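> I'd like to go over a predicted model; first the sequence, then the structure.
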Amino acid sequence: TQLLDMGTFHSDPHPGNLLVTEDGVLCLIDFGLCAEVQVGAREAMTKAIVHLLYRDFDSLIHTDTKELGFLPHDFDTEELKPILTKVLTGGLLQSGSDLKKRKRKLLEISNELNEIFFRYPFQVPGFFALVTRGLGLLEGIALVGDPDFDIFMASAPYATKRAVSILGHQAVGYRRINRVSTSQTPTTTSLL
C-alpha cells in the first residue's frame, strides 16, 4: 500500500531496516531513502501492473509507458510493441518465481534492452529507480522464506483491487489470476 495508496515508498527495505514488534507488526526504520510518487503516477502504475499481470501489452506499451513518463505522449509505439512484448514476456513473466532464471533471462536480453533505450526516446522517471530497488530487495527477502514466491502472483489481487477502486469494474475488466501449477503461468477468469 505504500507505493499505490500512500505515495511514499521505503526504497531501502533490507533486513536491517525491518523489525517485527512483539505483537507481530512489521516496523520499517531508517527512512533515508524513500520515493515520492504523485497521485497520477500511482494511478498509472496501478494500471500498468494490472496490464502486465494480465498480459495486456497493447495498453501497457501504447498507454502506460506514456502515462508513467517513460515515453513522450506523442510517440508512436507501434514499432516498439513486438520488441517490448518479447522483452516483457521472456525476461519477466516466463521466469516466474525463479529469481536466478529471471536474472539470467534479463541478462540474455540486456543487449536488446540497451538498444531499445538508446534507439527510442525512453526516460526513466526519478521515482522508478527507487521503486525498482525497493521491490527487488523485498522480493529477495520473500524468496529466502519461500523459494516459490512470485512477486507478480503475489501482487495480482491487491493491484487488481486497487485498479478497480480507481477505474471501476468495467474499465479494468476485473479478473482473478489463478496459478496453473504445472507451468507457473497465470491464467485469467472473469469475475463479472
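Happy to help now that I have it.
> Other residues contacting the longest helix seen in the chain?
Longest helix in the chain, counting residues (DSSP state H): helix 126-145. With contact meaning Cβ atoms under 8 Å, 6 or more residues apart in numbering, helix 126-145 is reached by 3, 9-15, 18, 33-37, 41, 68, 97, 99, 149, 151, 154. C-betas here are computed from N, CA, C, even on glycine.
> Filter those residues down to the buried ones, ChimeraX style.
To isolate the buried subset of the contacts of helix 126-145 in ChimeraX, counting by 16 or more other Cβ atoms under 10 Å, use the following:
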select :3,9,10,11,12,13,18,34,35,37,41,68,97,99,149,151
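> Take the contacts of helix 126-145 and keep only those in strands.
Those of the contacts of helix 126-145 mapping onto strands are 9-10, 18, 34-36, per DSSP state E.
> Could you identify the most distant pair in the residues you listed?
Farthest pair in the ones in strands among the contacts of helix 126-145 (Cβ to Cβ) is Leu18 and Glu36. Separation: 20.7 Å.
> would you list every one of the helices in this protein?
Under DSSP H, the chain gives helices at 39-53, 57-59, 65-67, 80-88, 99-108, 110-119, 126-145, 151-167, 169-172.
> Tell me which of the ones you listed sits nearest to Val25.
helix 126-145 (16.7 Å).
> and the angle from the closest one to helix 151-167?
Taking axes from the mean of the first three to the mean of the last three Cα atoms, to 10 degrees, helix 126-145 and helix 151-167 form an angle of 130 degrees between their directions.
> Quick one: mean pLDDT over helix 126-145.
Mean pLDDT, computed over helix 126-145, is 86.
> thinking again about what came up before, by how many degrees do the longest helix of the chain and helix 39-53 diverge?
50 degrees.
> which parts of helix 126-145 are buried?
For helix 126-145, the neighbour count (16+ other Cβ under 10 Å) marks 127-128, 130-131, 133-135, 137-139, 142-143 as buried.
> And for stretch 14-26?
Those would be 17-18, for stretch 14-26 by 16+ other Cβ under 10 Å.
> who touches it?
Outside of stretch 14-26, the residues within contact range by Cβ under 8 Å, 6+ apart are 10, 27-30, 137, 141.
> cool, and stretch 44-52?
3-4, 37, 56-57, 59-60, 63-64, 67-68, 88, 92-93, 152, 155, 159-160, 162-163, 166-167, 172.
> ditto for stretch 32-42
Residues from elsewhere that reach stretch 32-42, judged by Cβ under 8 Å, 6+ apart: 3-5, 7-12, 45, 67-69, 125, 127, 130-131, 134.
> ok, now with 10 Å
For stretch 32-42, the surrounding residues in contact (Cβ atoms under 10 Å, 6 or more residues apart in numbering) are 2-13, 17, 28, 43-45, 48, 67-69, 125-134, 162, 166.
> can you give me phi and psi for the residue lying farthest from the centre of the chain?
If you look at how far each residue of the chain sits from its centre, by Cα atoms, centre = their mean, the farthest one is Glu22, at 31.6 Å. When read as degrees, to the nearest 10, the backbone of Glu22 gives phi -60, psi -30.
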